[in-house]
Structures are given as structure tokens and as C-alpha cells.
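K.L.:
take a look and give me a structure for this.
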Amino acid sequence: METLYFPRRIYDKVHDDMVRLTLEETDVINSPDFQRLRWICQTGLLKMIWPSATHTRFEHSIGVVHTAQQMLDALEQSSRDDTHKLYDMQKDVVRTGMAICYHTLPTDLRVQIQRVTRLCALVHDLGHGPFSHAFEVFAPSTADVAGFLNDDRLVELQPYREALLRGKHGRVSHEATSCILFAALWHEMRGEPWIPAVVAAVLLNEEPAPTVSSRMRCWVPFIRDVVSSAPLDADRLDYLARDSAATGVAYGHIDRYRILKSILCVLTKRESEPTQMRLGWRKSGLRAIEHAVVARFNMFAQVYHHKTLRATELMFRDMAAAAVESGENALFPAATLDEFRGGFARMGDELFIRTLAGHVREDYPKCERVRSLANKILTRNLYKRIYDFDRGITPEAARRVADRLSAAFPESRFILDALPLKATKDLERGALLLSQDECKRYRVRGEPISWIDASPTIRTLREDELATIRLFVEPRRPRSEEKALHIREEILAAIAAESV
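P.N.:
Residues are numbered from 1 along each chain as shown. A predicted model of the protein is given here:
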């Protein structure tokens, strides 16, 4: 395909290929904002279970650029090979739901789509803090962020102000942080001002700002689908392969060739809404896509929700609650954009956990509960899983079992973990499934259906992932085997009482 100029190369062992980079992408990578990702593990504390899982968000982000390019290349090739099965916007009357000939679009437009898609892929994780989601409650507050959003370097983000300040716990989200860090960096690179506006629309799942040209506005949903959407996107295709290779498990192995062979571009439009371009997948590739969703489910069930990893994540949750209660959940000042960027640039995984453990600053944290839990994580004195509930029990019934145990063993603290796997999230609003119409051309047949309705396999996975409930205990002191047996007997008795 007509393409950008790629003077830089980085070898990626996961994809067994060279990742090609433009000069502007190289400038982004060489910035302190991006280099900090070298010190943030892709899978948080998973290395406590799989010692080789030390790969970082730095290499993952570059890998997502490579995967996004593979998707665009596959789309171009598919469009050329199957022109007779697609609708040509230059010749045909194209209506909503029709798959279009991507390769017949103007060359400069396709190059611009390629450029923006790659930039979005590169910076999609730029705002992740140490240990990813565990950091968010310690991130700068939305009040601090609101104070510097009028900075001249962030002028293109003004239309997204409400979305940028929509964080949980009153803290800035990693998506918002990605947009802020990139906008400031892009301003320093003297890039076109509309680029941060497109990147923000993609990462925040918002309508593009007025500064984005009408020519590019309709492509924002397509770019979003390529970078981050269900059932598959560049992000998922990379981390499934990368996490599987790093841990040594086989769950992440999927048929990339058949999946990419199924990719198409679809025009959508509803009544008075503007035209949009979306990512589409041929129905003939459904089995390969199902296999990828199953692989993702297995990675969640066996790796991302491993009992020991969940123990550390529950400890982070309790640490965060203690920090919020004590008012000590601000790790660095962020009254200005420069303080905000500097704080993130300095904060990696090890510095984060050792700061919480009191090894870095004598005055932080004052909360003994935060210090104690952080030190327990460092010494691997973790919460212990003592029971996995059968799939038939409800979270409410499991909670009553935990309450009964707390009453029977008041010296022990029991923690119920009923977090869904979320391996099938976003399937209702993901990319579109296409089949051939009476003219043997690809389009959405009737109303778009969700992947859950289209695939009994995926629907079964959705139902199955809601039922993983575990019971943990926080060790106070070494427990004898006799006491452990008593606790298990009490659990079984409580479950039996619930079943009556």
C-alpha cells in the first residue's frame, strides 16, 4: 500500500518481525513521557507467579503499532483481492452497512488514516501508572488536573474537558492521562494541532472536536475499532501473544492469519447522524475470532485472575481504601502540567511500591496500614485463597458465608473476591460482523447484532465468566493445619445451610 516513510526499525521477538517506525513516532518514543513505560510491567505483579513475566508497557505499546499496521495492510490486501465482493465509493451508491473498497480511497487520505492510527496505537497506554489500575486511586486528583487544563499546550483538549475529568474516585483516569501527556509532548514537537484532538476522541471514546476536519471525523470510529474494540483489536492481538510468550502458557496462541484475512471496512449511517467508517469482520472468519475470544477468556481465567495475582490486587484495593481514609493517596504534586508530567515520568513499579512501604520518604505514608500491606507484598506475605465456590452459588450467598466465617473466627479477616473476569466485555458495541448479500457482496445483514448473539460459544463464555467467586483470608499469624481444617469445615457447613 502507499504508505508512510519508515526509516527506523526495532526487532520484536514476539512477532518475530521488524517494527517499522516513522521519525515522529521515534521522537514520541524517545521522550521522557514514553520512556517511563520501560519501568512499568505490562502485567503488574504477575512476575510474582511467572518470574519471566517482566515485559513492559514500553514494548507492548510498540508492538501494538506493529499489529495495527498489520491490520491496515491486511485490509488493503483484502480490498484489492476481493474488489468484486465490496462496494466502491467511487462507482456505487453506498448505503449503511456496506463493506467498501478501502484501496480505492484517495492515497493521501489512506496515508493520513495510517498515520493517525499508528499514533493512537503508540500512545494508547501512555498514561498507565505503576501496576496499571492499582495506581489509579493514587493518581493526581481531577481537581488538580482541572487547574491546569487551560495550559496553552493543552488547548486542543478543551472540547474534551468533561471527559478528561470523568475519573473514578476523583482521580484522573489513565486514558485522560494518555491524552494530556501526548498533547503536551506533541505541542513540544510542533506537530499539527488537530492530531491530539483525534487521538483524544479515539482514546476517550468521544465525538471528535470541531478542529478535526470533516474528512477525518468519519474515520475516528474506524481508528478506535482498530486500536481498541471487541472482539479483537491491535491491543488485544499484541498482549495475548506477548503475555502468553512471557509466561510460557499456550492460551494466547491464535490464528492471526485467518483473523487478519477476515478484516474489512464498513460504512455506517443512521438517519440524521453523520457518516461513519467502522471496522468489520467477515462471518467466514467467525471460528478464528471465536478461538481468539476463547484464548482471551483462558488467559483471564488462568493468568490474569490467578489466585496469587488476585491476592496482590485485593491487597492493593485495601491499601487504596486505607490511603483514601487517611488522606494520603497523593503520591506527587500536580498543581501544574509540568508537575503532573514530572511526577509520572519518575514513577515506576518499584519506586511506587517502595514509596508505599515507607522505604523512599520518611514522611510518607504515615498510615501504618498502607505501609504494612506494601511491605507484605514486597516480602510475598500475601492474602491466602482458602476456597473456590461452586458456580451455582450467588455472590449474595457467598457473602453470607463470609459473614458467618467472620463471626466464627473473629481473629481472622475474610475477603470475598467476586470480580467478573470481563474477558468478553464490550462485545455489544464492538466491530461489526459481515456476511454476503444477494449480490455476493459483504454487508451487515439487517440490524447489527452483537457477537454474543452471533456466537453460542461466545455467549457461553459470557455466562461462565460471571461465576468465579473466591474466598481469601488475611494471615495474622501462622495458622495450624487443625485450624485450617476447622475453617474449611465451617465453610462447607455454611454452604450447606445456604442450600437448604
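K.L.:
so for residue 217, what's the nearest residue that isn't a sequence neighbour?
P.N.:
Once flanking residues are discounted, residue 217 sits nearest to residue 208: 4.8 Å by C-beta to C-beta, 6 or more residues apart in numbering. Where you see a C-beta, it was placed from the backbone N, CA and C, and this is true even at glycine.
K.L.:
that neighbour reaches residue 221, doesn't it?
P.N.:
No - look at residue 208 against residue 221 with C-beta atoms under 8 Å: they stay out of range, at 9.6 Å.
K.L.:
before we move on, the earlier item: would the residue nearest to residue 217 count as being in a helix?
P.N.:
No - Residue 208: not assigned to a helix; according to DSSP: H, G, I helix; E, B strand; the rest coil it is coil.
K.L.:
tell me, how many residues neighbour it?
P.N.:
22 (other C-beta atoms under 10 Å).
K.L.:
residue contacts, residue 44?
P.N.:
131, 132, 134, 309, 312, 313, 349 (C-beta atoms under 8 Å, 6 or more residues apart in numbering).
K.L.:
ok, now with 7 Å
P.N.:
131, 132, 134 (C-beta atoms under 7 Å, 6 or more residues apart in numbering).
K.L.:
ok, the residue nearest to residue 217 - contacts?
P.N.:
197, 198, 201, 217, 220.
K.L.:
what do you get if the cut-off is 10 Å, keeping everything else the same?
P.N.:
Counting by C-beta atoms under 10 Å, 6 or more residues apart in numbering, residue 208 touches 159-160, 194, 197-198, 200-202, 214, 216-221.
K.L.:
tell me which element residue 18 falls in.
P.N.:
strand 17-21 (DSSP states H and E).
K.L.:
just the CA trace of the next helix or strand after that strand, in CSV.
P.N.:
Later in the chain than strand 17-21, the nearest helix or strand by DSSP H and E is helix 23-29. C-alpha atoms of helix 23-29 as CSV (Å, rounded to 0.1, in the frame of the first residue of the first chain):
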residue,chain,number,x,y,z
LEU,A,23,10.6,9.8,12.6
GLU,A,24,7.8,11.4,14.5
GLU,A,25,7.0,8.1,16.2
THR,A,26,10.6,7.8,17.1
ASP,A,27,10.5,11.3,18.6
VAL,A,28,7.5,10.3,20.7
ILE,A,29,9.2,7.1,21.9
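K.L.:
could the contacts of residue 44 go into a markdown table alongside secondary structure, distance to residue 117 and pLDDT?
P.N.:
Converted to a markdown table, the contacts of residue 44 look like this (DSSP: H, G, I helix; E, B strand; the rest coil; distance: C-beta to C-beta, whole Å; pLDDT from 0 to 100):
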| residue | secondary structure | distance to residue 117 | pLDDT |
| --- | --- | --- | --- |
| 131 | coil | 28 | 90 |
| 132 | helix | 23 | 81 |
| 134 | helix | 29 | 81 |
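K.L.:
pipe these into TSV and attach neighbour count and distance to residue 276 per row.
P.N.:
Output for the contacts of residue 44, formatted as TSV (neighbours: other C-beta atoms under 10 Å; distance: C-beta to C-beta, whole Å):
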residue	neighbour count	distance to residue 276
131	21	36
132	18	30
134	20	35
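K.L.:
which of those lies at the shortest distance from residue 398?
P.N.:
Proximity of the contacts of residue 44 to residue 398 (C-beta to C-beta) peaks at residue 134, which lies at 23.6 Å.
K.L.:
overlap in contacts, residue 208 and residue 221.
P.N.:
By C-beta under 10 Å, 6+ apart, the residues touching both residue 208 and residue 221 are 201, 202.
K.L.:
closest to residue 178 out of the contacts of residue 208?
P.N.:
Using C-beta to C-beta, the contacts of residue 208 come closest to residue 178 at residue 200, 8.8 Å.
K.L.:
that closest one: neighbouring residues, count only.
P.N.:
Residue 200, neighbours per other C-beta under 10 Å, totals 28.
K.L.:
show me the residues around it that make contact.
P.N.:
Residue 200 touches 120, 154, 156-157, 159-160, 163-164, 175-176, 178-180, 182-183, 206, 208-209, 212, counting by C-beta under 10 Å, 6+ apart.
K.L.:
surely it is in a helix?
P.N.:
Yes - under three-state DSSP, residue 200 sits within a helix.
K.L.:
now it, nearest residue through space, not along the chain?
P.N.:
Closest residue to residue 200 apart from its sequence neighbours, by C-beta to C-beta, 6+ apart: residue 179 at 4.3 Å.
K.L.:
and the one you found, that's in a helix?
P.N.:
Yes - counting by three-state DSSP, residue 179 is located in a helix.
K.L.:
wait, it touches residue 201, no?
P.N.:
Yes - between residue 179 and residue 201 there is a contact under C-beta atoms under 10 Å: 9.4 Å.
K.L.:
what touches both of the two?
P.N.:
What both residue 179 and residue 201 touch, as defined by C-beta under 10 Å, 6+ apart, is the set 160, 163.
K.L.:
so which of these two has more stuff around it?
P.N.:
Comparing residue 179 with residue 201 by other C-beta under 10 Å, the one with more neighbours is residue 179, at 29 against 25.
K.L.:
got the contact list for that one?
P.N.:
123, 126-127, 154, 156-157, 160, 163-164, 173, 196-197, 199-204, 206.
K.L.:
now with 8 Å, please.
P.N.:
With C-beta under 8 Å, 6+ apart, residue 179 has these contacts: 127, 157, 160, 164, 196, 199, 200, 203, 204.
K.L.:
of these, closest to residue 73?
P.N.:
Closest to residue 73, out of all of the contacts of residue 179 and judged by C-beta to C-beta, is residue 199, at 21.5 Å.
K.L.:
the closest one against residue 118, yeah?
P.N.:
No - assessed by C-beta under 8 Å, residue 199 is found out of contact with residue 118, at 10.9 Å.
K.L.:
circling back: narrow the contacts of residue 179 to those in helices?
P.N.:
Using DSSP state H, the subset of those located in helices is 164, 196, 199, 200, 203, 204.
K.L.:
format these as TSV; extra columns: pLDDT.
P.N.:
Shown next, in TSV, are the ones in helices among the contacts of residue 179 (pLDDT from 0 to 100):
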residue	pLDDT
164	97
196	97
199	98
200	98
203	97
204	97
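K.L.:
below-threshold pLDDT in the stretch 351-500 of the chain: ranges please.
P.N.:
448, 467, 477-485, 499-500 (pLDDT under 70).
K.L.:
so for whichever helix in the chain runs longest, what gets flagged as buried?
P.N.:
Assignment by DSSP H gives helix 57-81 as the longest helix of the chain. Neighbour counts over helix 57-81 (16 or more other C-beta atoms under 10 Å) mark 57-72, 74-79 as buried.
K.L.:
now do stretch 360-368
P.N.:
365, 367.
K.L.:
quick one: contacts of it?
P.N.:
Counting by C-beta under 8 Å, 6+ apart, 322, 323, 325, 326, 328, 331, 351, 354, 355, 356, 358, 371 sit against stretch 360-368.
K.L.:
I appreciate the help and will end here.
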